[in-house]
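>>> Fold the following.
(chains A and B)
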Amino acid sequence: MAGITIRGLSKSFGARDTSFAAVADLDLDIKDNSFVTLLGPSGCGKTTTLRLIAGYIVPDSGTIEVDGRALSSPAAVVSPEARGMGMVFQNYAVWPHKTVFENVVFGLKLRRVPAAAAKKQVEETLALVNLAGLEGRYPNELSGGQQQRVALARSLVVEPSILLLDEPLSNLDAKLRERMRTELKDLQRRTGITFVYVTHDQAEALALSDHVAVMSGGRLQQYGTPFEVYAHPANRMVADFMGLVNLVPGKVREVANGGGKVELAGDLALDVRALDGLAPGDKVDVAIRPENIRLDAMAGTGARAKITNHVFLGNISEYYVTLASGQALRVQTHPLQHFKVGDEVAVEIDATQCSVFRHTSGDATAS
Amino acid sequence: MTTEAVSTTLRPALARPSLLARLKLEHVVMGGAIVALIVLVVLPLLWLLFGSVKGEQGLSFDHFSEVLSGRLYINALKNSLILGAWTALFSLVIGLVLAWAVSRTDVPAKPLIQLTATLSYLSPPFLTAIALTYLFSPNAGLINVLMRDVAGLPWLTFNVFSMPGLVLVTVMHTFPFVYLLASSALLSVDASYEEAAQILGASKLRTALSITAPLVAPAILSGTLLAFVNALALFGSQAIIGLPARIFTLPTRIYALFDYPPEYGLASALSLVLVLITVVALYLQRAFLARRSYVTLAGKGSRPQLMQLGPFRWVMLGLVIVIFIVSIGAPYATLIAVSFSKSWGLEFWKGLTLANYKFILFDYNVTQRAILNSLMLAFAAASIAVILGAVIGWIDLRTRIPGRKLLDYAALIPLGLPGIVVAVALIQFWLAMPIALYGTLAILLLAYVGRYIPLGVRAANSSLRQIDPSLEESAQILGASWATTMREITLPLIRPGLFAGWLLVFVPVIQELSASILLFSSSSITLAVAVYNLYETGYIEPVAALAMVNMAIIGAAIWLANRLGGGRIASRGEPAPVSA
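Prediction:
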């Protein structure tokens, strides 16, 4: 199996005067036998990164190495057919003029696997992706989910050391997407293949990955475990992109032992854990996840707030509340906790789960 | 009229008068279109069938047995098939190479390739044929004279009056069919199909052979068959090149059967042989094209990366320039040179003159009449074909009239009818009718509308398909009558499509020769026929001048078409099997 080392990778598109950097100065270490997701909004450079790893694109600068072997640099690029990787495309790219069997066996034929052995391998792989018995079908006779699994089987049957997946679930409906998610994760564990997975869906990234690389504007924003990027986002962009967050303006009141006290819009003071590089009096934005806010009907220790809206989502309840200062917050509670719109409640925030960023211009409302 | 009864009972009595009026107008318009189609296409075709089996007494297959055994006819059939096969082969090679270069490589001057294909497709083959005789006729052809007498290289001469000459002239007109279909197919193959093969370890060649080729093969085969069908039908080049070489083909043999006394039965039988070949080829073409569906399946994939040809790109560019010179540059430069020459020959540039143009435009009394006739006919034929097409398309897509599919098919029949066959059918039908149409402008108009109605129907069909029926229904629910709905909603929406269709008919009609050659009279002579007749009479220099006048009018029409129609003539996807 194989790990991937990316150093200083950059790629721009377009004419020299109108070019934009799709990927800028990217460093990334993808460990052998791991499931790594490149996550970000559209246009963040994640697909370009994947296509650079596959060798379809020549980098402007930087290198890509697999197990110490240089594959890509501006001077020389090992062509995709010589990389021994697998790739699953967003539109599956299942060849419409070949049957399921012919699609899957193609890579084995190229590797001159004897027909009998190839047939056995194809059947095993199709069974692995739950497509046994559909060998003779043409792609237009398959559902989207089945085509997706043909594409997967086609890549897996040649036992690549690295499998690249470009938003493979984005064309499936929600139920199927959820199931395929579990199957993919399971598959990765069983095969030990290094998966590099591109998606814009943060829930998918959290559910699947060992490590998530959050990208924006061609740059790596944060690289860590799903828990790290969710609970301890490196910056506002990551906090905002990974799930729901209230970004509330505030001011640092005191700093001690790396932690300190932050005053929120005049209503609340939070004892937060990390205030790196901040001094008393600095303006900050505090990222508060809706599930880290508790509401209490009793007059508790927290600040007072008024319920302005309620959305029932089944497994959770969402409340929109307004603090005395006018600051709005989005709160997620247990569905059995009931308040009416207009109720006065006490608000309590779990300060240990909040992240504090230096204030930058722009809006700082709940999102 | 069951539909009328049903819908009347469903409506409140109050609405009855306007409803009746609506049904009347609708039915008059639709009925008129159906009658027109029957008169234009169905009845002449029946007369053709009838004529082919009409013996001395009752029905007989004598004509067919003669056509299928007589040496003259077998030879013509053989020559037509040889011409078609070679033309298809060369069209395939040239069209495919150019299509590949444009869509997959970094060859320079891609617009030049596009321009060459477009001009070759639009330029009338009989003019190219005439131009080549000026260069390559065995004795007086300029290049032959140059090679034999000046350069002393007699083995470098080329006799254009031969099968290779005929194939050369024909290929110049037919390779764009392959080019257009192949390049659009190559461009629409999603890059990820090829990338998926590549990442599995397939080399470029392997990917091209096992992934790309099968995906685009239907479109390429379809283009090749269109080239074949067109090669068979082109009367002008086959007469100008083939007859001096004594190479008879089916169209020229049919034409010869109209020498006095006309042999209607044999001509009909021979026409049906030609129709049969054409229909089989077009059927195959449709079948292949239907399989093309999976090329367009691809979603929002990226375009394939262009192949870096390196120094080889200059070789490709050279090839493109050669093709441009042979198919467009040389023929038209020659026509221009001849038209300004006192006497065509090695030293033609010593006696440049405008006398040929003066003769053609002012002294030769045919020209002005021919120009007027051609313009009137093209204008009328295009308008009628498009109006009929719109009604037929509307019936097919928007009503539930039984037999509407049949109507649609009937409107497509002329695609399988070479021009000369249309003429043979029309002559027999109208000679049998009590109205004397033979030799009038009217019979030419009928021939043109009949031949090109498929283009009108197709234009209307594709525009109507893009308009959701709910747009018409929402006008109806607000109380608009059928006529109002048509006037306010449908027609304004399909007008751009219909206009494009109008131009697609206008351009070929103004250069039509295959049907006109049997139908014209001295009063109804058209421009293309005038050129052909003048050439036959042997006026070498004035022919070139008339050809240039002809080109100027066609060029003006196409220029106008591109200005008004937003370049649709040059950029439609599937070329129609239409020939001059």
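>>> average pLDDT for stretch A:347-366?
When pLDDT is averaged over stretch A:347-366, the result is 75.
>>> same check, this time on stretch A:5-12
Stretch A:5-12 shows an average pLDDT of 93 in the prediction.
>>> Identify each buried residue in it, please.
Taking 16 or more other Cβ atoms under 10 Å in any protein chain shown as the neighbour-count basis, stretch A:5-12 is seen to contain the buried residues A:Thr5, A:Ile6, A:Leu9, A:Ser10, A:Lys11, A:Ser12. Where you see a C-beta, it was placed from the backbone N, CA and C, and this is true even at glycine.
>>> How about stretch A:25-36?
Residues A:Leu26, A:Leu28, A:Ile30, A:Asn33, A:Ser34, A:Phe35, A:Val36 are the ones in stretch A:25-36 that count as buried (16+ other Cβ under 10 Å).
>>> Which two of these have the greatest separation?
With distances taken as Cβ to Cβ, the most widely separated pair in the buried residues of stretch A:25-36 is A:Leu26 and A:Asn33, at 21.8 Å.
>>> what does chain A have sitting close to chain B?
A:54, A:56, A:79-87, A:89-91, A:93, A:95-97, A:106-107, A:110-111, A:140, A:151, A:154-155, A:158, A:164, A:171 (Cβ under 8 Å from any Cβ of the partner chain).
>>> Of these, just the buried ones, ChimeraX syntax please.
The following ChimeraX line selects those of these that are buried, judged by 16+ other Cβ under 10 Å:
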select /A:54,56,80,81,83,84,85,86,87,89,90,91,93,95,96,97,106,107,110,151,154,155,158,164,171
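>>> Restricted to strands, list the residues of chain A next to chain B.
In this view, the residues of chain A next to chain B that belong to strands under DSSP state E are A:Met85, A:Gly86, A:Met87, A:Leu164.
>>> Looking at those, which one is closest to A:Ser355?
Lowest distance from A:Ser355 to those (Cβ to Cβ) belongs to A:Leu164, with 31.6 Å.
>>> In contact with residue 34, which residues?
Chain wasn't specified; assuming chain A. With contacts defined as Cβ atoms under 8 Å, 6 or more residues apart in numbering or on different chains, the neighbours of A:Ser34 are A:Gly3, A:Thr194, A:Phe195, A:Asp210, A:His211.
>>> Switch to chain B, please.
Listed by Cβ under 8 Å, 6+ apart, the contact set of B:Ile34 reads B:Ile395, B:Leu407.
>>> Let me know the pLDDT of it.
You'll see B:Ile34 listed with a pLDDT of 88.
>>> How about A:Met1?
At A:Met1, the predicted lDDT confidence score is 54.
>>> Quote the end-to-end distance of stretch A:343-353.
Distance between the boundary residues of stretch A:343-353 (Cα to Cα, to the nearest Å) amounts to 26 Å.
>>> Identify the residues contacting it?
The list of residues contacting stretch A:343-353 from outside it, by Cβ under 8 Å, 6+ apart, reads A:231, A:268, A:270-273, A:288-289, A:292-307, A:321, A:323, A:329, A:331, A:339.
>>> Now with 6 Å, please.
Outside stretch A:343-353, the residues that touch it by Cβ atoms under 6 Å, 6 or more residues apart in numbering or on different chains are A:270-273, A:288, A:292-296, A:300, A:302-303, A:305-307.
>>> ok, so of the ones in strands among the residues of chain A next to chain B, who is nearest chain B?
Here the nearest of those to chain B, counting by Cβ to the nearest Cβ, is A:Met87; it sits at 4.5 Å.
>>> where does the stretch 1-150 of chain B dip in pLDDT?
Along the stretch 1-150 of chain B, the model assigns pLDDT under 70 to residues B:1-24.
>>> hmm, 80 instead?
Scanning the stretch 1-150 of chain B for pLDDT under 80 picks out B:1-26, B:55-58.
>>> Can you give me every residue that contacts the closest residue to chain A within it?
Closest approach of the stretch 1-150 of chain B to chain A (Cβ to the nearest Cβ) occurs at B:Asp106, with a separation of 14.9 Å. Residues counted as contacts of B:Asp106 (Cβ under 6 Å, 6+ apart) are B:Leu306, B:Gln308.
>>> just checking, B:Ala131 touches B:Pro331?
Yes: assessed by Cβ atoms under 6 Å, B:Ala131 is found in contact with B:Pro331 at 3.6 Å.
>>> residues near B:Ala281, how many?
22 (other Cβ atoms under 10 Å in any protein chain shown).
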